[in-house]
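Asker: coords please:
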Amino acid sequence: MRLLSLSRIHKRLLQITADSFLIVGSFILAMGLRYDSFFFLSDPRIWIAIGLTLPVTILVFAVTGFYRAVIRYISSRAFMTIGRGIAVSAVFLFIISQLLTLAVPRSVPGIYAMIALISVGGLRFFLRELFRHQLRRGLKPVLVYGAGRSGQQLVASLLRGNDYLPLALVDDNPALQGSEVNGLRVISAKEMPLLIENFGIDLALLAMPSAPRSLRREIIEHMAELDVRVRTVPNMEDIIAGKARMSDIIDVSEEDLLGRDPVAPVPELMSANVNGKVVMVTGAGGSIGSELCRQILREGPRDLILFEQSEVALYTIQMELQALAATLANVPRLHPVLGSVQSERRLRDTLARHTVDTVFHAAAYKHVPLVEENVAEGVRNNVFGTKTMLEAAIAAGVSSFTLISTDKAVRPTNIMGASKRLAEMVCQAFAEVQTDTRISMVRFGNVLGSSGSVIPLFRQQIQAGGPITVTHADITRYFMSIPEAAQLVIQASAMARGGDLFLLDMGQPVRILDLAMQMASLSGLRPYMEEDEGEDGDIAIRFTGLRPGEKLYEELLISADARPTAHPKIMSAHEDFFPLQRLTPLLVALDKATEDEDVAAVQDLMRRAGTGYSAKTVESKEPTMTGPTKLPSVAGG
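Answerer: Here you go, the predicted model:
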């Protein structure tokens, strides 16, 4: 409709002109109905009456804000405003007719009022329905949240397209509210519910790519309360890099759902262990390992060794990194190496051939249920793979060795967590007896988008129509984006002095049930609990029960000993461990137990090693980063 492209002042002038004709026409029709004739048109007094009434009526409409209302958003409440204006007009017409003896019968103002109300109000509702008809022709009505430059560009792009029809822009900035962008009114968040109800809007486009994630999360939660799905435009980095266009509409990212604002990395810490050095990443094709490679590559290493046992994963990350390296000024040399961290000969050969300076050890079996089903292999890879890698690094004179650990290593209730805690203790024990290699460990919680992460799983389940599976109504987890985790790992390694255990600030734990419900709502679905009979909704949430070894709450600390570091998102801690002399016999016995596939013996040795392992599924008290309950020491050292 061409009317939509007119400026605000032209739209108001057009309304005033139309109303003037309707008011005059209503008066003439009222007089004609009263006299059953139009002979009165020749009487100049009649024109005096309407000439005085018309400007008063238009003025009343203007004062009451009638002309600030946008016709395509008009609701039944507008009849109240029209009614008040017409009532004032009719009373004024009656008074001046009597005072000035203008030959207007007493019954005419009442007839005039009814006709004017129908004509003035009817025209607007007719135009609104005409506009709605346009919507029903295939264009999806949407709101655009954000009236800045990104919002303006998005609206312009959508108006040229054939998919979405933007109805209004929403912005929290009072200076923008009430203005118009490309013919669309900028409204406040308080005005959204009425607009959503009138036009059945179920989709909002978030055009704030540079806004803090905490603010984006607040907006997403508010829209979910209104049963409106939210999609967004790409971030500015992708747009500037040419990877995406402003008009591209994408799903809300996992980072937006959590609302966690990352801290900018410290350049000196990012480059200290990487720039100009030979860096090796084990598990280079995994979620964390591959992101470590991306971050490291940008910091200008001399060589980057990609150590990975999966051929497919190694090939995939190699191809990606080669493309990334081609965009850099100084192209590092990439060395893809197929191998297992359990192979001492392969590790020693790789380290010696490339004269490695820095190792990031990310290779591990991390899926709790799978490791519970494959106990011996999980321990061999996580514990003895770490020990073999560490011994080879020390023998090769590696300067820095960093183990990637997990919050599941704290008071573990599963073999995966216990094996990672024992891997930490191996690192602590070796750090105590030598100083040539600076050994450190970095412990953090879940990362978004990794294999097995709940968010990709929930997306798949929502697309399949449900149910969404949650193990327990009260289960919570810490979350962090993969890029942020990798950056913090690299920076933590640069601060290591030997034997350091670093903890990444994971923020507040997230209730998984809330996350599932929010994702369903953002997809335009009303979630309901499958166990509640008779509850109405679009997609069910099913509780499947805690899996073997799964905790309700994860923790990052065994003791309460957490100290700040030079980085606001990285803390350090000291936790008890067995010295190498005492740990070695236990490792020898554990090695034999894994070779014999003796699960009971493996579990017993895990307990005796001081990992804090308990095979029972526990519902621990909700922890905090700074003050979890301190348990009695379980290991000397």
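Asker: what comes up buried for the helix or strand where Leu59 lies?
Answerer: Using DSSP states H and E, Leu59 falls within helix 44-63. By neighbour count with 16 or more other C-beta atoms under 10 Å, helix 44-63 contains the buried residues 46, 48-50, 53-54, 56-58, 60-61. Yep, even glycine has a C-beta here, placed from its N, CA and C like the rest.
Asker: Kindly report the same for stretch 151-159.
Answerer: Buried positions in stretch 151-159, judged by neighbour count with 16+ other C-beta under 10 Å: 151-155, 157-158.
Asker: mind putting these in a markdown table, secondary structure and pLDDT included?
Answerer: Compiled in a markdown table, those are given as follows (DSSP: H, G, I helix; E, B strand; the rest coil; pLDDT from 0 to 100):
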| residue | secondary structure | pLDDT |
| --- | --- | --- |
| Gly151 | helix | 83 |
| Gln152 | helix | 82 |
| Gln153 | helix | 81 |
| Leu154 | helix | 82 |
| Val155 | helix | 81 |
| Ser157 | helix | 78 |
| Leu158 | helix | 78 |
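Asker: Among these, which one sits closest to Arg380?
Answerer: For the buried residues of stretch 151-159, the residue nearest Arg380 by C-beta to C-beta is Leu154; the value is 52.9 Å.
Asker: Once you drop chain neighbours, what's closest to that closest one?
Answerer: Ala207 (4.6 Å; C-beta to C-beta, 6 or more residues apart in numbering).
Asker: Start from the N-terminal end of the stretch 201-350 of the chain and give the strands.
Answerer: Secondary structure of the stretch 201-350 of the chain (DSSP state E, counting those that start in this stretch): strands located at 203-206, 229-232, 250-251, 278-282, 303-308, 333-338.
Asker: Can you check the pLDDT for Arg294?
Answerer: Per-residue confidence (pLDDT) for Arg294: 94.
Asker: give me the number of residues near it?
Answerer: 15 (other C-beta atoms under 10 Å).
Asker: Ok, Gln318 next?
Answerer: 18.
Asker: So which of the strands of the stretch 201-350 of the chain is nearest Phe430?
Answerer: Closest approach to Phe430 among the strands of the stretch 201-350 of the chain (C-beta to C-beta): strand 278-282, 16.4 Å.
Asker: picking that back up, is it possible to get TSV of the buried residues of helix 44-63 that adds distance to Ala409?
Answerer: Shown next, in TSV, are the buried residues of helix 44-63 (distance: C-beta to C-beta, whole Å):
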residue	distance to Ala409
Ile46	93
Ile48	92
Ala49	89
Ile50	86
Thr53	83
Leu54	81
Val56	80
Thr57	77
Ile58	75
Val60	74
Phe61	71
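Asker: Nearest to Leu195 among those residues?
Answerer: Phe61 (21.9 Å).
Asker: Let me know whether that closest one touches Gly85 as I believe.
Answerer: Yes - contact criterion C-beta atoms under 8 Å: Phe61 and Gly85 qualify, at 4.7 Å.
Asker: Would you map the helices across the stretch 101-250 of the chain?
Answerer: Counting by DSSP state H, counting those that start in this stretch, one finds helices in the stretch 101-250 of the chain at the ranges 108-135, 149-160, 192-199, 213-225, 236-240.
Asker: what angle sits between the longest one and helix 192-199?
Answerer: When you say that, I think you mean helix 108-135. 80 degrees (axes from the mean of the first three to the mean of the last three C-alpha atoms, to 10 degrees).
Asker: Just confirm Phe92 contacts Leu54, I think it does.
Answerer: No - applying C-beta under 8 Å, one finds Phe92 not in contact with Leu54, separated by 10.3 Å.
Asker: rewinding a little: tally of neighbours for the residue nearest to Leu154?
Answerer: Ala207: 25 surrounding residues under other C-beta under 10 Å.
Asker: go on, Pro568?
Answerer: Neighbour tally, Pro568, other C-beta under 10 Å: 10.
Asker: now swap in Gly537 and tell me
Answerer: 15.
Asker: just Leu127 next, same as before
Answerer: 17.
Asker: Give me the pLDDT value at it.
Answerer: 72.
Asker: for Leu297, same thing?
Answerer: 95.
Asker: do Asp349 as well
Answerer: On the pLDDT scale, Asp349 gets 96.
Asker: Arg77 too?
Answerer: Reported pLDDT at Arg77 in the predicted model: 60.
Asker: What's the local residue count around Ile288?
Answerer: Around Ile288 there are 24 residues (other C-beta under 10 Å).
Asker: if I pick it, what's in contact with it?
Answerer: The neighbourhood of Ile288, defined by C-beta atoms under 8 Å, 6 or more residues apart in numbering, consists of 362, 404, 447, 450, 482, 485-486, 489.
Asker: May I ask which two of those residues are separated the most?
Answerer: Ser450 and Val489, at 13.9 Å, using C-beta to C-beta across those.
Asker: Between those two, which has more neighbouring residues?
Answerer: Between Ser450 and Val489, counted using other C-beta under 10 Å, the more crowded position is Val489 (24 against 16).
Asker: if I pick the more buried one, what's in contact with it?
Answerer: Per C-beta under 8 Å, 6+ apart, neighbours of Val489: 288, 292, 360, 402, 404, 442, 504.
Asker: So which of the residues you listed sit within helices?
Answerer: Counted as lying in helices by DSSP state H, out of the contacts of Val489, are 288, 292.
Asker: Out of the contacts of Val489, the closest to Asp514 would be?
Answerer: Leu504 (22.3 Å).
Asker: Not counting residues beside it along the chain, what's closest to that closest one?
Answerer: That would be Phe444: by C-beta to C-beta, 6+ apart, it lies 3.9 Å from Leu504.
Asker: doesn't Glu484 make contact with the one you found?
Answerer: No - here Phe444 does not reach Glu484: they are 9.6 Å apart, not a contact under C-beta under 8 Å.
Asker: Neighbour count for the two, which is higher?
Answerer: Taking other C-beta under 10 Å, Phe444 and Glu484 do not tie; Phe444 has more neighbours (25 against 21).
Asker: looking at the chain, which helix or strand is least sure?
Answerer: Least confident element among the helices and strands of the chain, by mean pLDDT, DSSP states H and E: helix 236-240 (a mean of 54).
Asker: Before we move on, what's the pLDDT of the residue nearest to Leu154?
Answerer: So Ala207 comes in at 84 (pLDDT).
Asker: Return the residues in contact with it.
Answerer: Ala207 touches 144-146, 148, 150-151, 153-154, 232-233, counting by C-beta under 8 Å, 6+ apart.
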